[in-house]
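K.L.:
Got a predicted model here, sequence first, then my questions.
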Amino acid sequence: MRHDHKQPARRARRRHVTSIGALAAVGAVVVVVVVTTSPGSGARAPRHTTRAPPAPVAPVARVARVAPVVPVAPVVPGAGARPHGSAPGRLVSRPPGARRRARSPGSLPQTHQLPDSGAAPFRAQMGALWRAITTDNWRAAVPAFFPKGAYLQLKAIAGAGEDFDNRLLGDYRLDIRAAHALLGAGAFQARLVAVRVPSNYGHWVEPGVCYNRLGYYEVPNSRVVYSERGGIHSFGIASMISWRGVWYVVHLGTVLRPVERGYVDAPATGPGASEYSGTC
C-alpha cells in the first residue's frame, strides 16, 4: 500500500503536497510513496509501483445531511384492537435512559466488499469530516477515520495501538487544523459541495503486503469540493482504505510528512483533478 502506517519508517514523499495556508495550482499531480511502521526496526519495506491506468471519469459522491433517528413509541397494553385469537404482546422494559450500544465496525471482521462512495455511511462520514474542518474540532471527524479496532486486526506489527494513537491519529488532527486554516476566518460559512472519489483507482491490496495480515481496498487522491466566498475550491484526501465495504480516511493531508505539522493535499481553485498514484 501507499500508507506509511504499513512501513516501519518514514521516507521522502514523491508527490507535491502543500502545507498550511498554501494555495497550489489546479490539478497538481501527486505521487505518493507508501511506508508502514514496524516498531523497533529501521528497515524499509520494498516499494512496488503500479502502472497508471487511463485518466478516469471520477464519480461524484454527493454529501447529504443525515436525518436524526426518530424513536418508536412502546406498545401500551390494551391500546388498539388485537386480531381474534392472537396472544398479547410481551413487553420488554429497560431502565430509564438505557440504550442499546451499537458495535464498532472495527470489532467486526473484514470483508472483500468494494466500497460505494454514494452510500449513506460514506456521505455521513464526509459530513462529519467537513464539520470538523469548518469548526477546527478534530474529534467531530473521528467517524470518518479508519477504526482503531480494524487497524489492530489489520497490522502484523508490535505496538499497533500506539502507532495508531501517536502517529496516524496525531497526523489526522494536524491535517484537520491545516485544512481549517486554509479556509480562513470565514471557515464556518464554507459549504461542502461534493466528495469526488476516483473509484476506478480503487484496488485490492493483498494480505502480507506492507506488514498487513489482512487485505483491503485502497483509493488515492479523492477531492473535497466546497464553495466559499462565491467560488468553488477543493483539496485532496491523500488516501482512503476500506473496512467492511466502507471507505475511511487513513491519510488526509499527506502520506509522508518531512516535519511534524499539518498539511493540505493539493488545494486548488475549482474542483481540481485526481491523479493516480502507485502503491506498494
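P.N.:
Looks like it came in fine. Residues are numbered from 1 along each chain as shown.

K.L.:
so who does residue 225 touch?
P.N.:
Each residue near residue 225 by Cβ atoms under 8 Å, 6 or more residues apart in numbering is listed here: 192, 193, 194, 195, 196, 232, 233, 234, 271, 272. Just so you know, the C-beta spots here come from the backbone N, C-alpha and C atoms, and that holds for glycine as well.

K.L.:
among those, which are in strands?
P.N.:
192, 193, 194, 195, 196, 232, 233, 234 (DSSP state E).

K.L.:
Buried members of these into PyMOL, please.
P.N.:
To isolate the buried ones among the ones in strands among the contacts of residue 225 in PyMOL, judged by 16 or more other Cβ atoms under 10 Å, type:
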select buried, resi 192+193+194+195+196+233+234
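
K.L.:
nearest to residue 111, of the ones in strands among the contacts of residue 225?
P.N.:
Taking Cβ to Cβ as the measure, residue 195 is the one of the ones in strands among the contacts of residue 225 closest to residue 111, at 22.2 Å.

K.L.:
Check whether that closest one really touches residue 221, as I assumed.
P.N.:
No: assessed by Cβ atoms under 8 Å, residue 195 is found out of contact with residue 221, at 12.0 Å.

K.L.:
anything in contact with each of these two?
P.N.:
Contacts common to residue 195 and residue 221, judged by Cβ under 8 Å, 6+ apart, are residue 237.

K.L.:
The nearest residue to residue 232 once chain neighbours are set aside: neighbour count?
P.N.:
Leaving aside its sequence neighbours, residue 232 sits nearest to residue 270 (Cβ to Cβ, 6 or more residues apart in numbering; 5.7 Å). Residues contacting residue 270 under the criterion other Cβ atoms under 10 Å number 13.

K.L.:
One more: residue 150?
P.N.:
Residue 150 has 24 nearby residues by other Cβ under 10 Å.

K.L.:
With residue 201 instead?
P.N.:
20.

K.L.:
what are the ranges of the strands in the stretch 151-280 of the chain?
P.N.:
For the stretch 151-280 of the chain, the strands defined by DSSP state E, counting those that start in this stretch cover 191-196, 203-205, 216-228, 231-243, 246-251, 263-269.

K.L.:
will you turn those strands into a markdown table that also has distance to residue 144 and mean pLDDT?
P.N.:
A markdown table is the format used below for the strands of the stretch 151-280 of the chain (distance: least, Cβ to Cβ, whole Å; pLDDT from 0 to 100):
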| stretch | distance to residue 144 | mean pLDDT |
| --- | --- | --- |
| strand 191-196 | 10 | 98 |
| strand 203-205 | 20 | 94 |
| strand 216-228 | 11 | 97 |
| strand 231-243 | 9 | 97 |
| strand 246-251 | 5 | 97 |
| strand 263-269 | 15 | 97 |
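
K.L.:
Of all these, which one comes closest to residue 152?
P.N.:
strand 231-243 (11.7 Å).

K.L.:
Now that closest one: buried residues?
P.N.:
Result for strand 231-243 [16+ other Cβ under 10 Å]: buried residues 233, 234, 235, 236, 237, 238, 239, 240, 241, 242, 243.

K.L.:
Out of those residues, which is nearest to residue 142?
P.N.:
When those are compared against residue 142 (criterion: Cβ to Cβ), the nearest one is residue 243, at 14.2 Å.

K.L.:
is that closest one in a bridge, and if so with what?
P.N.:
Beta bridges link residue 243 to residue 246 when assigned by DSSP bridges.

K.L.:
Distance check, it against residue 155.
P.N.:
Relative to residue 155, residue 243 is positioned 13 Å away (Cβ to Cβ, to the nearest Å).

K.L.:
cool, and residue 244?
P.N.:
17 Å.

K.L.:
pLDDT below threshold where in the chain?
P.N.:
1-101, 278-280 (pLDDT under 70).

K.L.:
Quick check: phi and psi on the closest residue to residue 234 other than its chain neighbours?
P.N.:
Once flanking residues are discounted, residue 234 sits nearest to residue 272: 4.2 Å by Cβ to Cβ, 6+ apart. Dihedral pair for residue 272: phi 70, psi -170, per degrees, to the nearest 10.

K.L.:
right, and residue 224 touches residue 235 too?
P.N.:
Yes: Residue 224 lies in contact with residue 235 (Cβ under 8 Å); the separation is 5.6 Å.

K.L.:
ok, back up a step: is it possible to export the contacts of residue 225 to JSON lines including distance to residue 211?
P.N.:
Shown next, in JSON lines, are the contacts of residue 225 (distance: Cβ to Cβ, whole Å):
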{"residue": "192", "distance to residue 211": "35"}
{"residue": "193", "distance to residue 211": "37"}
{"residue": "194", "distance to residue 211": "34"}
{"residue": "195", "distance to residue 211": "29"}
{"residue": "196", "distance to residue 211": "30"}
{"residue": "232", "distance to residue 211": "40"}
{"residue": "233", "distance to residue 211": "37"}
{"residue": "234", "distance to residue 211": "33"}
{"residue": "271", "distance to residue 211": "35"}
{"residue": "272", "distance to residue 211": "32"}
